[in-house]
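> fold the following.
(2 chains)
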Amino acid sequence: MSIKVRYFASLKETVGRSEDELESIAPLSVRDIWRQLNPDLAMPETLLAAINMDYVSLDANVDEGDELAFFPPVTGG
Amino acid sequence: MPIKLCEQAFNPWKEIEAYQTQTAELAGKHGATAVFVGTMRDFNQGDGVRSMFLEHYPGMTEKQLQHIVEQAERQWSLLDTLVLHRIGAVNPDDTLVLVAAWAVHRGDAFDACRFIMEALKSRAPFWKKETLVSGQARWVENNSKGYQSK
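Here you go, the predicted structure:
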């Protein structure tokens, strides 16, 4: 399955990429995907995630065609 | 319930006046307007700040703001709301955010305005990157609780 993964703000700089495209045949959680794409980078404690622009927990399942985003705590306003 | 992301500087008071004038449904009906305006400071965490860049997640920002306003509309009796937020390069004294809530009575207007603003701070995907007077750039890691200790 194909999943688009996006990174924002300081996390984009830490990871060194703004996007990944993931092909996988196994069902994956948000946490699985982070580990698979960033094997040498510990998951930040404050990491936030969204699937298709809605907040999700790190244990949520990601489906084919989803857009998954990782980002740090938001600081608008 | 317009929600706008603005790349250019805007005057919050003119935006409120213009919106209220063009929205016929408000004429003679609203008894209360609560307004919050957030402005960029030239200092943060003990450092002088020269400028700032507001990154956001296009699409998710609008979606989350829409959710927040709809939640407020379910919780309080509102006639209308207006939410504007800057994106991109901003300078000290620029307005960063405007939240306005119109209602028949003040309680609904005050409470909804506060709710929308606090929810925006914790849920809308914006991120601030400051350029300090020293030239150093840094990401703002967390929003404050909204109070200065006395």
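> skipping adjacent residues, who's closest to whichever residue of chain A sits closest to chain B in space?
Going by Cβ to the nearest Cβ, chain B is nearest to residue A:76 of chain A, at 2.7 Å. No exception for glycine: its C-beta is placed from N, CA and C like everyone else's. Using Cβ to Cβ, 6 or more residues apart in numbering or on different chains and skipping residues adjacent in sequence, the residue nearest residue A:76 is residue B:126, 2.7 Å away.
> then residue A:55?
residue A:48 (6.9 Å).
> just give the number of residues close to the one you found.
By the criterion of other Cβ atoms under 10 Å in any protein chain shown, residue A:48 has 18 neighbours.
> now do the contacts for it.
A:55, A:70, A:71, A:72, A:73, A:74 (Cβ atoms under 8 Å, 6 or more residues apart in numbering or on different chains).
> redo the residues you listed as CSV? Include pLDDT.
Formatted as CSV, the contacts of residue A:48 follow (pLDDT from 0 to 100):
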residue, pLDDT
A:55, 98
A:70, 98
A:71, 98
A:72, 98
A:73, 98
A:74, 98
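> from those residues, pick the one nearest residue A:10.
Nearest to residue A:10 among those, counting by Cβ to Cβ, is residue A:72 at 5.3 Å.
> and that closest one, how many neighbours?
Applying other Cβ under 10 Å, we find 22 residues neighbouring residue A:72.
> equivalent analysis for residue B:34, please.
The number of residues near residue B:34, taken as other Cβ under 10 Å, comes to 21.
> for chain A, which residues are neighbours of chain B?
A:6, A:8-10, A:50, A:53-55, A:69, A:71-77 (Cβ under 8 Å from any Cβ of the partner chain).
> can we see that at 7 Å?
A:8-10, A:50, A:53, A:69, A:71-77 (Cβ under 7 Å from any Cβ of the partner chain).
> switch the residues you listed over to a markdown table; also include secondary structure.
Shown next, in a markdown table, are these (DSSP: H, G, I helix; E, B strand; the rest coil):
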| residue | secondary structure |
| --- | --- |
| A:8 | coil |
| A:9 | helix |
| A:10 | helix |
| A:50 | strand |
| A:53 | coil |
| A:69 | strand |
| A:71 | strand |
| A:72 | coil |
| A:73 | coil |
| A:74 | coil |
| A:75 | coil |
| A:76 | coil |
| A:77 | coil |
